[in-house]
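1. quick one: sequence and predicted model below, then my questions.
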Amino acid sequence: MSNTLPDFITALLRPKAYPHPAGEIKLVQTHISYVLLAGDFVYKIKKPVNFGFLDFTSLEKRRFFCNRELELNRRLCPDLYLGVVAITRAGQKFSLDGPGEVVEYAVKMARMDEAQMMGRTIEAGQLDAATLDKIVEILVPFYEGAEGGAVLAGFGTPESVAVNVLENFQQTEDFIGCASLSPAQFQAIGDYARAFLKHGELFAARIDGERIRDCHGDLYSANICLSEPIQIFDCIEFNERFRYCDVASDVAFLAMDLDYHNLPDLSRHFINRFVERSGDRGLLAMLDFYKCYRAYVRGKIGLFTAHAPEVDATTKAASLAQAGRYFQLAERYASAP
């Protein structure tokens, strides 16, 4: 493990730091979070980073977004998200909701069965159409009941969508030419996105159809547990413009993810079933554009994770390899007829 870990994370890698049986502690890192798996619970802690699209640089901001994460994810997972706990320090001892100074906050979750995570099911070759049908049956009423209206509709205009899409290219310019992102890929994907954004009539139709909603924002297999009931967790809490989006953008993420895992037939089945259940045929005209956008975002996150100073060499290598595959997929969508 990297020696650049914060002192409180090092302390929380010891079972005695917890007020419950913790067993062997497992630490998982993303570009924005430390995730501690401890016994029957999970503690998700935000890193003090600022990527422009999110700002966790102050303790108060991290506390605010922990509470926001709890509130938003309870829409789909009311029993999974248990609360926000303070990480405290008294002298040299760190504890959860203990005495002393508050040094950090964490979202406390019930621990899910890792064997039932959708990614594991995909790896085992066991994902089937019936499971995707169950996910559709959760998503369609979720979107129908999600906040919409005139204010959110503004996030569906080409100008608003362009803010998110073009930001990705700005934030990856320094990585052009690395093993994961070639200059030709960067150019081709960027040209495609800018050309599609000129189709104002397509975006207007989505707004007129009231398809801009307060969505999940991060809908892919890493955030789905195929338990009973199915848990769709870890929505975007840190930036409303990533969550206020076209329903097509949300479901395109999961469809792209299935493509990424070489499951194009299941990807098509998922979209076809969603269109059938929701009556949203207009989604199809937007699908490749939003798939491309989502693939590029995942590639960008892979680059960010690989270059974070606190990650270990194994995580760095895996993140770079994944980023390269995502950029290849984005290029494929960009070159589709």
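-> Perfect, thanks for sending it. Just so it is clear, the structure is predicted and the values come from calculations on it, not from any experiment.
2. run the chain-centre distance for the helix or strand where Glu104 lies.
-> Using DSSP states H and E, Glu104 falls within strand 101-110. Relative to its chain's centre, strand 101-110 lies at 20 Å (Cα atoms, centre = their mean, to the nearest Å).
3. beyond it, next helix or strand please.
-> Trace forward from strand 101-110 with DSSP H and E and the next one is helix 118-123.
4. the next helix or strand after that following helix - contacts with which helices or strands?
-> Sequence-wise, the next helix or strand downstream of helix 118-123 (DSSP H and E) is helix 129-145. Secondary-structure packing of helix 129-145 (3 or more Cβ pairs under 8 Å, 6 or more residues apart in numbering; DSSP states H and E): strand 231-232, helix 247-260, helix 264-278. In short, each C-beta sits where N, CA and C put it, glycine included.
5. angle of helix 129-145 against helix 264-278?
-> 40 degrees (axes from the mean of the first three to the mean of the last three Cα atoms, to 10 degrees).
6. just checking, what packs against the next helix-or-strand element following helix 129-145?
-> Using DSSP H and E, the helix or strand that follows helix 129-145 towards the C-terminus is helix 149-153. When contacts are defined as 3+ Cβ pairs under 8 Å, 6+ apart, helix 149-153 sits against strand 212-214.
7. the strand it packs on - contacts with which helices or strands?
-> Strand 212-214 packs on helix 149-153, strand 244-246, going by 3+ Cβ pairs under 8 Å, 6+ apart.
8. run me through the strand neighbours of that strand, direction for each.
-> Strand 212-214 sits in its sheet next to strand 244-246 (antiparallel), going by DSSP bridges.
9. rewinding a little: Val163 is nearest to which of the helices and strands packed on strand 212-214?
-> Among the helices and strands packed on strand 212-214, the nearest to Val163 by Cβ to Cβ is strand 244-246 (11.5 Å).
10. which residues touch the closest one?
-> Contact with strand 244-246 is made by 152, 155-156, 161, 206, 211-215, 217, 286, 290, as judged by Cβ atoms under 8 Å, 6 or more residues apart in numbering.
11. now for those: which two are most distant?
-> Maximum pairwise distance among those (Cβ to Cβ): 18.1 Å, between Asp214 and Met286.
12. ok, back up a step: any chance of a markdown table for the helices and strands packed on helix 129-145, columns distance to Arg120 and mean neighbour count?
-> What follows is these, written out as a markdown table (distance: least, Cβ to Cβ, whole Å; neighbours: other Cβ atoms under 10 Å):
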| stretch | distance to Arg120 | mean neighbour count |
| --- | --- | --- |
| strand 231-232 | 14 | 23 |
| helix 247-260 | 14 | 26 |
| helix 264-278 | 16 | 17 |
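13. of the ones you listed, which approaches Val49 most closely?
-> Per Cβ to Cβ, nearest to Val49 of those: helix 247-260, 22.2 Å.
14. below-threshold pLDDT in this structure: ranges please.
-> Across the chain, the stretches falling below the confidence threshold (pLDDT under 70) are 1-3.
15. tell me the domain boundaries of it?
-> Following automatic domain parsing, the chain resolves into domains at 7-111, 116-334.
16. so which residue is dead centre in the chain?
-> Asp218 (3.4 Å; Cα atoms, centre = their mean).
17. got the contact list for that residue?
-> Asp234, Cys235, Ile236, Phe242, Phe253.
18. can you classify it by secondary structure?
-> coil (DSSP: H, G, I helix; E, B strand; the rest coil).
19. now swap in Arg325 and tell me
-> Arg325 ends up helix, using three-state DSSP.
20. likewise the one 3 residues further on?
-> At Gln328 the chain is in helix, as set by three-state DSSP.
21. burial count for it?
-> For Gln328, the number of neighbouring residues by other Cβ atoms under 10 Å comes to 16.
22. wait, it touches Ser182, no?
-> No: with contact defined as Cβ atoms under 8 Å, Gln328 does not count as touching Ser182 (9.6 Å).
23. hmm, back to that, any idea how far His269 is from the residue nearest to the centre of the chain?
-> Per Cβ to Cβ, to the nearest Å, Asp218 is found 22 Å from His269.
24. how about Ala321?
-> With Cβ to Cβ as the criterion, Ala321 and His269 are 28 Å apart.
25. in contact with Arg74, which residues?
-> Per Cβ under 8 Å, 6+ apart, neighbours of Arg74: Tyr81.
26. compare neighbour counts for Asp214 and Met286 and give me the winner.
-> Counted by other Cβ under 10 Å, Asp214 and Met286 do not tie: Met286 has more neighbours, with 25 against 21.
27. surely that one and Ala205 touch.
-> No: applying Cβ under 8 Å as the test, Met286 and Ala205 come out as separate, 9.3 Å apart.
28. return the set of buried residues in stretch 18-25.
-> Tyr18, Ala22, Ile25 (16 or more other Cβ atoms under 10 Å).
29. redo these as CSV? Include secondary structure and distance to Leu76.
-> As requested, the buried residues of stretch 18-25 are exported to CSV (DSSP: H, G, I helix; E, B strand; the rest coil; distance: Cβ to Cβ, whole Å):
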residue, secondary structure, distance to Leu76
Tyr18, coil, 27
Ala22, coil, 27
Ile25, coil, 27
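30. that older thread, hey, which of the domains of the chain is tucked in deepest?
-> Of the domains of the chain, the one with the most neighbours on average (mean count of other Cβ atoms under 10 Å) is domain 116-334, at a mean of 18.
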